[in-house]
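Peer 1: 3D model of this:
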Amino acid sequence: METTEKLDRLRDDFIARMGVIASNDGMPRMSGQVFAMLVFEGEEVAFGDLAKRLSVSRATISTSIRLLEERGLIRRINKAGDRQDYFQLADDAYAAMTKFALAGTRRSQAEIDDTIEKLPEEAQDVRARLEAFASFYNAISAALEDAIPRVTKPKT
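Peer 2: Residues are numbered from 1 along each chain as shown. Sure, this is the predicted structure:
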């Protein structure tokens, strides 16, 4: 099999699998696929090319782009003399992903802590279980905080 053909197959498989992962993480599958394409390609991709290469409507791409931009995972590029928008991976996409995950774990822990605060004194067995659950989220949050500097690109 020719290298280009093999890379095309690997790219398509990677994009499909990243779409499934995104879906499992509560994101639209297409957002994961757009992100995966930008990671795999390593360069900016035109809006229209995203729709064509992923075989979806421009509206679907637009929705995915908006979500990825809001999360700081991709950035829009305008080229002089070209009316089309281009997109590429944000400089600190992985740090943005880590910060988003950290915010989610902190929200979860806050919800658990809120319930713990409202428990009556006599509910010690429930309190112990919920405190163990909160400790799980605390450990995940600490690990994510430690990971942020590791995935943050150095300023050049």
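
Peer 1: quick one: contacts for the residue lying farthest from the centre of the chain?
Peer 2: The outermost residue of the chain relative to its centre, with distances by C-alpha atoms, centre = their mean, is residue 122 at 41.6 Å. Residues in contact with residue 122 (C-beta atoms under 8 Å, 6 or more residues apart in numbering): none are found. Any C-beta I mention is one placed from the backbone N, CA and C, and that applies to glycine too.

Peer 1: name the element it belongs to?
Peer 2: If you go by DSSP states H and E, residue 122 is not part of any helix or strand.

Peer 1: cool, the one 3 residues further on as well?
Peer 2: Assessed by DSSP H and E, residue 125 sits inside helix 124-151.

Peer 1: now do stretch 135-147: distance to the chain's middle.
Peer 2: 18 Å (C-alpha atoms, centre = their mean, to the nearest Å).

Peer 1: what's the neighbour count on the residue nearest to residue 108 when sequence neighbours are not counted?
Peer 2: Spatial nearest neighbour of residue 108, chain neighbours left out: residue 137 (5.3 Å); criterion: C-beta to C-beta, 6 or more residues apart in numbering. Using other C-beta atoms under 10 Å, residue 137 has 19 other residues around it.

Peer 1: please apply the same query to the one 4 residues further on.
Peer 2: Residue 141 is surrounded by 18 other residues when neighbours are defined as other C-beta under 10 Å.

Peer 1: before we move on, back to that, mind checking the backbone torsions on the residue farthest from the centre of the chain?
Peer 2: Here is the backbone geometry of residue 122 (degrees, to the nearest 10): phi -70, psi 0.

Peer 1: quickly note the distance from it to residue 5.
Peer 2: Per C-beta to C-beta, to the nearest Å, residue 122 is found 68 Å from residue 5.

Peer 1: could you list the low-pLDDT ranges of the chain?
Peer 2: Along the chain, segments meeting pLDDT under 70 span 1, 156.

Peer 1: which non-adjacent residue is nearest the residue nearest to the spatial centre of it?
Peer 2: When the chain is reduced to its mean C-alpha position, the nearest residue by C-alpha atoms, centre = their mean turns out to be residue 97, at 4.9 Å. With C-beta to C-beta, 6+ apart as the criterion, residue 97 has its nearest non-adjacent residue at 6.5 Å, and that residue is residue 73.

Peer 1: all set now, cheers.
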